[in-house]
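S.K.: Dropping the sequence and predicted coords here.
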Amino acid sequence: MKIAQDKNWSNNIRLACQTQVLGDINIKRLVVDDMDADLVRSEGHITTPANERSLVVMFCDLENYSGFAATHLHNPYDVIHLLNRYYQEIGEPIISNHGYIDKYMGDGFLALFGCEQSNPIENGLNAIRASLRMLARVKQLNQYISRQFSHQFKIRIGLHYGSVIIGEVGYRANKQLTVLGNTVNIASRIEGANKTLGTQILASQELIDYIHNEVETSQVFNTQLRGQSRTHSLYEIIGFKQLDTLFIAQSILERILPFMDEVSKLFYEELFKRDPALRSLLNTTDRQIQRQMVINILSLVTQGINNRFEALTPLMQDIYQRHREFYHVKPTYYLTAGKALIKVLEKYMGKDFTPAVKNAWLEFYNAMVKSLTTDH
């Protein structure tokens with residue numbers, strides 16, 4: 001038992017000395033040389049032991065990026081800056097929906113949904129929420145790209161559900177968590193199929209089987225994927241059949257960012273109306289800083305609204321510390337700010353700001369404020 005604990009083995013692994021032989025058996029030695037022994041010893045420090053589990057695998061690729069990079073080789077800063085700007089935009093919807101970005105491959109990446117919990121329906125819906133928000137983020141990013149580089153981007157997303165081997169792989173001093181198996185290969189091929197089918201989000205039958213009641217699809221394609229022996233049914237994802245509270249609550253940021261100057265102005269007007277004393281704290285603050293403060297609050301709620309409170313606590317504390325140091329803000333001021341923000345969101349979201357969406361926002365926002373009050 002002590003060895004199993006030291007190696008961080010799961011409960012389904014037993015030592016040879018615990019085995020009861022009931023018939024003829026064949027024994028094969030797994031550790032045959034010093035390198036094998038070193039690897040076994042190093043596995044005791046692995047955070048995630050190797051295991052098999054079912055996940056939603058997402059492959060995403062950025063169309064036309066190679067052409068952009070080829071024409072900007074004389075300015076590598078632009079190439080890297082724009083790629084990082086892109087990953088900053090599309091990374092948030094993935095992380096907010098319990099996704100894990102496994103690896104970056106230039107302008108493409110692999111993400112996993114299900115590393116934290118094993119419910120295929122919830123993992124599938126999280127992947128769909130992330131995918132739809134990623135499209136919206138790239139659409140907004142294209143406004144910036146058009147102004148700065150006279151270019152437009154388009155993303156292609158492939159989603160598949162199935163069994164994978166997950167574990168830490170690589171040189172022992174630089175191992176990384178990754179996934180292996182045919183599920184990964186199929187997800188990659190599905191992403192590539194978007195190019196020939198003229199779509200942006202395609203999901204496999206294996207994933208749709210779990211989420212067909214919630215997700216709206218358009219075209220269905222029966223196609224042979226490259227490197228696969230059987231025909232696959234692929235569904236074009238276009239949205240949700242009914243209002244998805246989490247998706248709408250998260251999408252608020254994308255919806256109002258184009259109007260952020262006016263939103264910020266209305267927010268502070270509402271805030272000072274509710275508590276005139278706050279005007280003296282913020283009246284010397286630059287308008288751009290005020291705008292960013294509103295975006296920070298919106299971003300926190302967007303990221304935390306899908307049960308990600310604990311993961312965001314350090315970030316919340318950091319923002320609060322800066323607000324307290326520079327503006328002498330007290331946690332109770334955030335309660336007033338929350339009411340002002342809700343008033344503005346009701347104006348901009350209209351009928352989409354349903355009671356369920358409003359309650360989802362308030363629930364996380366109030367929990368966030370309570371944590372600041374409790375800790376300080």
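M.R.: Sure thing, it's come through. Numbering: from 1, shown residues only.
S.K.: would you list every one of the strands in the stretch 51-200 of the chain?
M.R.: Ranges of strands in the stretch 51-200 of the chain, per DSSP state E, counting those that start in this stretch, are 51-63, 99-105, 108-113, 154-169, 176-180.
S.K.: Which neighbouring elements make contact with the longest one?
M.R.: Under the contact criterion of 3 or more C-beta pairs under 8 Å, 6 or more residues apart in numbering; DSSP states H and E, the helices and strands touching strand 154-169 comprise strand 51-63, helix 120-149, strand 176-180, helix 182-197, strand 201-204, helix 205-211. No exception for glycine: its C-beta is placed from N, CA and C like everyone else's.
S.K.: For V138, which non-adjacent residue is spatially closest?
M.R.: I155 (5.3 Å; C-beta to C-beta, 6 or more residues apart in numbering).
S.K.: can you redo the helices and strands packed on strand 154-169 as JSON lines with mean pLDDT?
M.R.: Below are those laid out as JSON lines (pLDDT from 0 to 100):
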{"stretch": "strand 51-63", "mean pLDDT": "93"}
{"stretch": "helix 120-149", "mean pLDDT": "93"}
{"stretch": "strand 176-180", "mean pLDDT": "86"}
{"stretch": "helix 182-197", "mean pLDDT": "95"}
{"stretch": "strand 201-204", "mean pLDDT": "98"}
{"stretch": "helix 205-211", "mean pLDDT": "97"}
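S.K.: of those, which approaches E92 most closely?
M.R.: For the helices and strands packed on strand 154-169, the distance to E92 is smallest for helix 120-149, at 7.7 Å, taking C-beta to C-beta.
S.K.: hmm, back to that, so which of the strands of the stretch 51-200 of the chain is the most packed in?
M.R.: strand 108-113 (a mean of 23; mean count of other C-beta atoms under 10 Å).
S.K.: For that one, which outside residues touch it?
M.R.: By C-beta atoms under 8 Å, 6 or more residues apart in numbering, the residues outside strand 108-113 that reach it are 55-62, 87, 94, 97-103, 123-124, 126-127, 130, 166, 179, 184, 187-188, 191.
S.K.: how is the protein carved up into domains?
M.R.: 2-45, 51-242, 246-375 (automatic domain parsing).
S.K.: which one of these has the lowest average pLDDT?
M.R.: Note on the domains of the chain: lowest mean pLDDT is at domain 2-45, with a mean of 67.
S.K.: can you pull the contacts of G227?
M.R.: N185, R189.
S.K.: Could you do V21 as well?
M.R.: Residues near V21 by C-beta under 8 Å, 6+ apart: none.
S.K.: any idea how far it lies from Q303?
M.R.: 54 Å (C-beta to C-beta, to the nearest Å).
S.K.: Where do the strands of the stretch 201-350 of the chain begin and end?
M.R.: With DSSP E, counting those that start in this stretch as the criterion, the stretch 201-350 of the chain has strands spanning 201-204, 215-224, 231-240.
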